[in-house]
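Peer 1: model this:
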Amino acid sequence: MNQRYIYLCEDSFEGILSAVYLAYEDRHGHKANEVRIRKEGFNQELFCEYILVETDFDRALKVARTVQREISRQAYEFIQRTAISHFPQRADAIYRFIIYGLHIGEKILEHLTLPFMQTLFEIERNVNNEIYHWKEFLRFQELANGSLFGRINPKSALLPYLADHFSDRFSGEDWVIADTVHQTVLIHKKDQGCLYATMEEVDFDELSLEYSAAEKDMQQLWKLFVDTIAIKERKNTNLQRQLLPLWFRKYMKEYEGNETRS
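Peer 2: Reported below is the predicted structural model:
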């Protein structure tokens, strides 16, 4: 049985590109290689050599530049977006995309029937849908100092893709959006750009927030409004969850303590 080589990389775009670089460098043959996201406690397979890949930003940058130069800028942006997904199969699909793309160039994006392309397009569609939903469902709360604070719990690491949208809509405000899953933040200063940062030491769910008086009043009024317009006899929980999935309700005040509230 032929030997297989499994490259275990960090769960990040740079980690995946570092594994792609090393897989090329080792020259085992692409059919024998596989790139996987490194996870704790995985089951090892027979006839496989597992190679731990350390994230190397210089190597990742070389791969990124090669993709943009030899394939296209559009192709690079495509795999960059799929890389933020939570689907583990994205790592090997991106590897296959780069291998094939270096042979045929920018036309790689037209080969919709290839298995790895079908995987990546499905992943991209999922990511785009989640970005769209968070643009619609994100709730800001006004703090005592006048700034706005919002929390999201996305499955994908999509926070940077919200920057332009909210910078445009709230350009004249100081605001922060915290991703409580991936421990990252977007910080926006009034009439300036956004700063994207990692804050692994902060538990955003345990932050003690002091709301403005207007915000407290608005929260109470909104809860009262939601309760008042509800018609018990016409309650349709399944339709509610279809229009507003439970996943997006965690930081919505009207659903606090009651996920199926009408």
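Peer 1: tell me how many other residues surround Glu45.
Peer 2: By the measure other CB atoms under 10 Å, the count of residues near Glu45 is 9. Yep, even glycine has a C-beta here, placed from its N, CA and C like the rest.
Peer 1: list the neighbouring strands of whichever strand or helix holds Tyr196 plus their orientation.
Peer 2: Take DSSP states H and E as the rule and Tyr196 turns out to sit in strand 194-198. For strand 194-198, the pairing partners within the sheet under DSSP bridges are strand 184-188 (antiparallel).
Peer 1: quick check, Thr198 in contact with Gln183.
Peer 2: Yes - the criterion here is CB atoms under 8 Å, and Thr198 meets it with Gln183 at 6.3 Å.
Peer 1: neighbour count for the two, which is higher?
Peer 2: Gln183 (16 against 11).
Peer 1: residues in contact with the more buried one?
Peer 2: Gln183 makes contacts with Thr198, Met199, Glu200, Val202, Phe204, as judged by CB atoms under 8 Å, 6 or more residues apart in numbering.
Peer 1: pLDDT wise, what is the nearest residue to the third one once chain neighbours are set aside at?
Peer 2: Nearest residue to Glu200 in three dimensions, chain neighbours excluded: Gln183, at 4.7 Å (CB to CB, 6 or more residues apart in numbering). With respect to pLDDT, Gln183 has a value of 93.
Peer 1: Val202 belongs to a helix?
Peer 2: No - assessed with DSSP: H, G, I helix; E, B strand; the rest coil, Val202 is coil; it does not lie in a helix.
Peer 1: how about the helices of the stretch 151-262 of the chain, start to end?
Peer 2: Applying DSSP state H, counting those that start in this stretch to the stretch 151-262 of the chain gives helices spanning 163-169, 213-229, 237-243.
Peer 1: ok, and what's touching stretch 105-125?
Peer 2: For stretch 105-125, the external contacting residues (CB under 8 Å, 6+ apart) are 70-72, 74-75, 78-79, 81-82, 85, 87, 89-90, 92-94, 96-97, 100-101, 104.
Peer 1: give me the buried stretch members for that stretch, please.
Peer 2: Buried positions in stretch 105-125, judged by neighbour count with 16 or more other CB atoms under 10 Å: Ile108, Leu109, Phe116, Met117, Thr119, Leu120, Glu122, Ile123, Glu124.
Peer 1: roughly how far apart are the nearest residue to Ala83 once chain neighbours are set aside and Asn43?
Peer 2: For Ala83, ignoring the flanking residues on the chain, the nearest one in space by CB to CB, 6+ apart is Phe13 at 4.0 Å. Plainly put, Phe13 is 26 Å away from Asn43 if you go by CB to CB, to the nearest Å.
Peer 1: Glu200 now?
Peer 2: Distance, Glu200 to Asn43, by CB to CB: 28 Å.
Peer 1: what's the answer for Tyr100, then?
Peer 2: From Tyr100 to Asn43 the distance is 29 Å (CB to CB).
Peer 1: who has more neighbours, those two?
Peer 2: The neighbour comparison of Tyr100 against Asn43 (other CB under 10 Å) goes to Tyr100, with 18 against 4.
Peer 1: so the more buried one, which of the three states?
Peer 2: What three-state DSSP gives for Tyr100 is helix.
Peer 1: burial count for Asn153?
Peer 2: Neighbours around Asn153, by other CB under 10 Å: 17.
Peer 1: that one: what's it in contact with?
Peer 2: Asp179, Thr180, Val181, Trp247, Lys250, Tyr251.
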